[in-house]
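# below are the sequence and a predicted model; questions follow.
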Amino acid sequence: MALVFPIMMPYLHTRNVRLVYVVGFLILAALNLICANLETPLSMLVCAIAMGMARMFIVLNTTFSMSTYFTGMPIVSFFSLKEMPAPERQYKMDHMRAWFFPCLYGYIFCIVQIGNFCSSWIATDLSWTDYYYLVAGMMVLTSVLVYFIMPAYQSEGKYEIPFSRMIDIVLAAITLCAFCYMMFFGKTLDWFESEYIILAFIITLVAGAGFMLLQIHAGSYRYLELGIFRYRNTWIGILIFLLVMLVNTPSQMFIGSFAKLGSAAGNLEAQALMKYAIYGCLLGVILSLILILRRMRFRTLFALGFMLMAVSNAYMYFLYQTDSDLPSMRWPMLLNYMGWIMPYAVVCAHGMKNLPAKFLPTWLFLIVTVRNVMAPAIGVSVYSNWLQERTQFHKELLASEINHSNNVAVNTYNTTQRIGAFSGNGTFDSEKLASIQLSARVQKQATIVAFKDMTGTTVWLCLGCMLICLLLPYRKKEFM
């Protein structure tokens, strides 16, 4: 998805709105059919990259079509300005972005969560193969409806699609894929003791270095505008976005995993819990709009978002127990997403403030790369390793306390052994069943204690991020 933004402007000027929908939906239909029939890792990886790019073209097509009607302003032309506009127009553009992005991200998030619930429902009742076939059929039907219902639009001008930048796209894709592989699978392959992780690390360095060299020596047709890093808002925006995604990763993982572990909920029940995430997202968007209309400082909104995420984790800290129910998860879910959406949606507008138009595609590339690639990969890797280490520590600690003087453990073992004997199992099988049952209880308790330990640390991390947001050296006119 991130790879599309640097070639966004030629695409937006040369696109035919109806044709993009028709061709894009047909491509998605073909990719879903491939996923339904091929389950090899390589085919799924290629399809995932192709789907992301096709979806991004469709999203850009929809966003810039809708925003023109909602704002009454030619949004595409804002990305093509050769010079900085007058201060009055610049303020109007910045203020428009500040309230437009929360609305856009809130809308996209709600649609995504509804889609995730529908996919979980279909995959639970049928299978993933049936889901892929259903989506492919929906894409074909949608393309037919668009072709016959939607009026044809003329392109805004003649621009050349820069096919010479394909080498940049390929190198960027290789770099990001190798980086994600190293992060995701490093935790299970002992990092650099595996030759695959070493190879992924070398590919990341070589492809990344080649990509940066092309950007430095590409002249006026470079894929990215590196001059964007001269602006303070760029570094502040990337830092805040990275912190938001890193803190949100464990919060999502703790809530979702504990919901399944504590209440024995399936994927469908856990996904149904996401309706409270939608409520929290909508409340966060409303609160963001109120702060924007009152022209509050950016730092205030960012800090408030991290504070709500800290409250969510503090609520979870006191909620952990061996047995729990799904309804008790609604408040931490609501508070976490209410706090998460506030900096998540507004930081993009903050980075665009007083930014020349030629840097806007590069800024969107950086934000989506951090949001969809870098931060999730780092967050999942760090917290998965941390969870594994803490779970093993508490498992050994709890196992050392199990002996004949532990009445709870003895009663659990004896009860399970008797049930196995009454079921017709022999002595050896009954003892083996009792040992497995006792070990599973120790594992569950150790995981819950590890969750509690890490959640407490995450509370302090959220408060530290809130303090960072308040102390960062923003520009003087940081009002929204």
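That came in fine, so what should we check first? These numbers were taken from a predicted model, which means no experiment stands behind them.

# so where is the stretch 51-200 of the chain shaky, pLDDT-wise?
Across the stretch 51-200 of the chain, the ranges flagged by pLDDT under 70 are 68-87, 89, 153-164, 187-192.

# now the helices for it?
Taking DSSP state H, counting those that start in this stretch, the helices of the stretch 51-200 of the chain run over residues 75-78, 87-125, 128-149, 166-186, 195-217.

# which one, of those helices, ends up nearest to I341?
helix 87-125 (6.6 Å; C-beta to C-beta). (Glycine included, C-beta is placed from N, CA and C.)

# which residues sit in contact with S119?
Counting by C-beta atoms under 8 Å, 6 or more residues apart in numbering, S119 makes contact with Y131.

# my bad, I27
A50, A54.

# same question, T391
Q443, A446, T447, A450.

# measure the closest residue to I236 other than its chain neighbours to G237 for me?
Spatially, and ignoring its direct neighbours in sequence, I236 is nearest to L472 (5.5 Å; C-beta to C-beta, 6 or more residues apart in numbering). Distance, L472 to G237, by C-beta to C-beta, to the nearest Å: 10 Å.

# looking at these two, which one has more neighbours?
Neighbour count, other C-beta atoms under 10 Å: between L472 and G237, G237 has more, with 26 against 16.

# measure that one to V112 for me?
Distance from G237 to V112, by C-beta to C-beta: 22 Å.

# and for L60?
Between L60 and V112 the computed distance is 16 Å (C-beta to C-beta).

# so which of the two has more stuff around it?
Counted by other C-beta under 10 Å, L60 and V112 do not tie: L60 has more neighbours, with 19 against 12.

# is Y320 in a helix, a strand, or coil?
coil (DSSP: H, G, I helix; E, B strand; the rest coil).

# quick one, what contacts it?
F258, G262, I448, V449, F451, K452, T455 are the contacts of Y320 under C-beta under 8 Å, 6+ apart.

# leaving out chain neighbours, which residue sits closest to it?
What sits nearest to Y320 in space, not counting adjacent residues and going by C-beta to C-beta, 6+ apart, is K452, at 4.4 Å.

# surely that neighbour meets Y317?
Yes. Using C-beta atoms under 8 Å, K452 is in contact with Y317, at 6.2 Å.

# how close does R390 get to G456?
Going from R390 to G456 by C-beta to C-beta gives 11 Å.

# higher neighbour count, those two?
Each of R390 and G456 has its neighbours counted (other C-beta under 10 Å); R390 has more, 19 against 16.

# which non-adjacent residue is nearest the more buried one?
A450 (3.9 Å).

# tell me which helix or strand that neighbour sits in.
Secondary structure from DSSP states H and E places A450 in helix 427-471.

# do the same with M245
helix 232-263.

# got the buried residues for that helix?
Going by neighbour count (16 or more other C-beta atoms under 10 Å), the buried part of helix 232-263 is 233-234, 236-256, 258-259, 261-263.

# what do you get for stretch 341-350?
Quick answer for stretch 341-350 (16+ other C-beta under 10 Å): I341, M342, P343, Y344, A345, V346, V347, C348, A349, H350.

# which of those fall in helices?
Using DSSP state H, the subset of the buried residues of stretch 341-350 located in helices is I341, M342, P343, Y344, A345, V346, V347, C348, A349, H350.

# let me see the contact set for the fourth one.
Listed by C-beta under 8 Å, 6+ apart, the contact set of Y344 reads Y105, F241, V244, M245, N248, G305, R371.

# what about 6 Å?
With contacts defined as C-beta atoms under 6 Å, 6 or more residues apart in numbering, Y344 is in contact with V244.

# the last one too?
For H350, the contacting residues are G237, F298, taking C-beta under 6 Å, 6+ apart as the criterion.

# distance of it from I448?
38 Å.

# then L214?
Taking C-beta to C-beta, one finds L214 at 49 Å from I448.

# center of the protein - which residue?
By C-alpha atoms, centre = their mean, the mean C-alpha position of the chain lies nearest to N372, the distance being 5.3 Å.

# SS state for it?
Of the three states, N372 takes helix according to three-state DSSP.
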